[in-house]
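> with the input below, show me the fold.
(4 chains)
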Protein chains: 2
Amino acid sequence: MTAPDPDGLLAEQLLRLTRRVHRIQKRHLERRELGITPAQSRLLRTLAHYGSPPRMADLAERLEVVPRAVTTLVDGLEAHGKVRRVPDPANRRVIRIELTDEGRETLRELRAARRAAASEILAPLGEREREQLGELLNTLVDGPPGPPCEEGTTQRPGGRDS
Amino acid sequence: MTAPDPDGLLAEQLLRLTRRVHRIQKRHLERRELGITPAQSRLLRTLAHYGSPPRMADLAERLEVVPRAVTTLVDGLEAHGKVRRVPDPANRRVIRIELTDEGRETLRELRAARRAAASEILAPLGEREREQLGELLNTLVDGPPGPPCEEGTTQRPGGRDS
DNA sequence: TATTCATTGTTACCTGTACTCACAATGAAC
DNA sequence: GTTCATTGTGAGTACAGGTAACAATGAATA
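Sure thing, here's the model as predicted:
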C-alpha cells in the first residue's frame, strides 16, 4: 500500500499543498478587507511589473489564462477603482490596463498579505530549505525546455512574475 | 523591481505551478474519458487507502474539505457507478462509502493518468531533485508543528493520502 | 479599391470546486 | 424526556476558468 509511484505521490502532495495555499491566501486577503480575490490580486501584482500599461492580451499570456478570464478580473478591479481601462490611440482594438493610485495603495497591502501568507505556509522550512525549494520551483515553473506534450496545448506559457 | 520578498515569490511560483498541475491533470483525465473530474479522482484514490469503507466525515477530514463538499463528489461518483453509499447499521446517521468493482477498475486507469501527468510536470527535474522536492513537500504538507495562526481555522488538517 | 483574413476584446453560457447556512434524522447525556 | 452533539444533505453563493460566437478593427491581397 506504500505507493510504488513516487512521482504520482509528489504530484498529489503538490496539489494538496496548493489547496492549502489557496485557503491561507484567501483568508489573509479577507482579513484585510480589500475587496480583492486571489486572482485579482495576482493580476494586480503582475500589472506592477510592466513599465508601461500592458494590453489585455499581454496579461492573459503572462497569467497563463485565456483572454476571456482577464476581462472578468479587470471588470472586478475596475469596479473597485484599482485599475483603469485606457484605449490605445495607436490601435483602436487594444485596451491598456493602468494601475490607479488606489490600486497602487492596495498593492502595498497586498504585498504584506502575501508575505504573511507565505511565511505561514513556509513556516516548517528553514532558510536553506526555502532556497532549495525556490530553485526547484524555478526549474519547474520556467517550463519544460522542449514541449513534452504534442496535442492540445491550450495555453502558451509566458514569463514569470513575482 | 527584483523583489525583496523571496518567500512571497516562492508562494507565487507555487500557485503558478499549481495551476499548471491542474490543467495537465485535467487534460490527462479527459483524454482517458473516464467521466471523472480531478476532485473525484482524488476522492477515489483516497478511498483506496481505507481498509474498511470510511464515513463521509472521514473523507471530508482526509480531503481537507467541509463535509458538504464530499456529498457532491460522492454524488457524481455514485452516478457513474464508481462508488456505493452504504448505510451503517450500527449508527443510522452515518453513511459509508464503498468502492465498486467499476470504481476499482477506474482507479487503475487513474493511477496511470496521474503517473503520466506527474512525469510531464516533473520532466525538468532529475532523479535527485525529485527526491529533494519530495522531502520538502513532505515537510510542508505534514503541516506546521504548532498552529501558527490563531483565529478562524476553517479546516482542520488531516492525515496524508497518496 | 474591395475583399479576405487575423487580432483584440467582449457577450453569453457552462463547469468544477468549495464555502455557508439551515435542517432533519439520529444518537447520547442529563 | 428534554436537551445537546453528530452526521449528512438541500439550497444558495462565490470564484476561477473554459468554450463559442461575434463585432470592431487592422493588415494583406486579388
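
> can you give me the helices in chain A?
A:6-32, A:38-47, A:56-63, A:67-79, A:101-121, A:127-141 (DSSP state H).

> let me see the mean pLDDT of the fourth one.
The average pLDDT within helix A:67-79 is 97.

> how far off centre is it?
14 Å (CA atoms, centre = their mean, to the nearest Å).

> for it, buried residues please.
A:70, A:73-74, A:76-77 (16 or more other CB atoms under 10 Å in any protein chain shown). From N, CA and C alone the C-beta is placed, and that goes for glycine too.

> same question for stretch A:131-138.
Result for stretch A:131-138 [16+ other CB under 10 Å]: buried residues A:132-134, A:136-137.

> the helix or strand of chain A with the lowest mean pLDDT and DNA strand C, any residue contact?
Across the helices and strands of chain A, mean pLDDT, DSSP states H and E gives its lowest value to helix A:6-32, namely a mean of 81. Yes - interface with DNA strand C: helix A:6-32 contributes A:19, A:23 (CB under 7 Å from any atom of the strand).

> so that helix versus helix B:56-63, what angle?
90 degrees (axes from the mean of the first three to the mean of the last three CA atoms, to 10 degrees).

> now do helix A:6-32: distance to the chain's middle.
On CA atoms, centre = their mean, the centre of helix A:6-32 falls 14 Å from the chain's centre.

> ok, stretch A:91-104 next?
For stretch A:91-104, the distance to the chain centre is 18 Å (CA atoms, centre = their mean).

> how far is stretch A:83-96 from where the chain is centred?
With CA atoms, centre = their mean, you get 23 Å for stretch A:83-96.

> near DNA strand D, which residues of chain A are found?
A:37-40, A:63-66, A:68-69, A:72-73, A:91-93, A:154-155.

> which of those are buried?
Buried among these (16+ other CB under 10 Å): A:37-40, A:63-65, A:73.

> just flag the most distant two among the residues you listed.
Largest separation among these by CB to CB: A:Thr37 and A:Glu64, giving 17.1 Å.

> quickly note the distance from the residue nearest the centre of chain A to chain B.
Note on chain A: the residue nearest the mean C-alpha position is A:Arg42, at 4.0 Å, using CA atoms, centre = their mean. Distance, A:Arg42 to chain B, by CB to the nearest CB, to the nearest Å: 7 Å.

> which residue packs closest to that residue, ignoring adjacent ones?
Using CB to CB, 6 or more residues apart in numbering or on different chains and skipping the chain neighbours, the partner closest in space to A:Arg42 is A:Leu63 (6.7 Å).

> and the nearest residue to A:Arg130 once chain neighbours are set aside, what does it touch?
Spatial nearest neighbour of A:Arg130, chain neighbours left out: A:Leu122 (5.9 Å); criterion: CB to CB, 6+ apart. Going by CB atoms under 8 Å, 6 or more residues apart in numbering or on different chains, A:Leu122 touches A:130, A:133, B:7, B:10-11, B:140.

> apply 7 Å and report the result again.
The neighbourhood of A:Leu122, defined by CB atoms under 7 Å, 6 or more residues apart in numbering or on different chains, consists of A:130, B:7, B:10.

> okay, now A:Leu9: neighbour count?
20 (other CB atoms under 10 Å in any protein chain shown).

> could you measure from the closest residue to A:Ser119 other than its chain neighbours over to DNA strand C?
Spatial nearest neighbour of A:Ser119, excluding adjacent residues (CB to CB, 6+ apart): B:Asp7 at 5.6 Å. Using CB to the nearest atom of the strand, to the nearest Å, B:Asp7 is found at 24 Å from DNA strand C.

> does B:Asp7 touch A:Glu120 like I think?
No - counting by CB atoms under 7 Å, B:Asp7 does not reach A:Glu120; the two are 9.8 Å apart.

> can I get the buried residues of stretch A:131-138 in JSON lines with distance to chain B?
Listed next are those as JSON lines, based on distance: CB to the nearest CB, whole Å:
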{"residue": "A:Gln132", "distance to chain B": "6"}
{"residue": "A:Leu133", "distance to chain B": "5"}
{"residue": "A:Gly134", "distance to chain B": "5"}
{"residue": "A:Leu136", "distance to chain B": "5"}
{"residue": "A:Leu137", "distance to chain B": "4"}
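
> list just the nearest of these to A:Arg85.
Using CB to CB, the buried residues of stretch A:131-138 come closest to A:Arg85 at A:Leu137, 33.0 Å.
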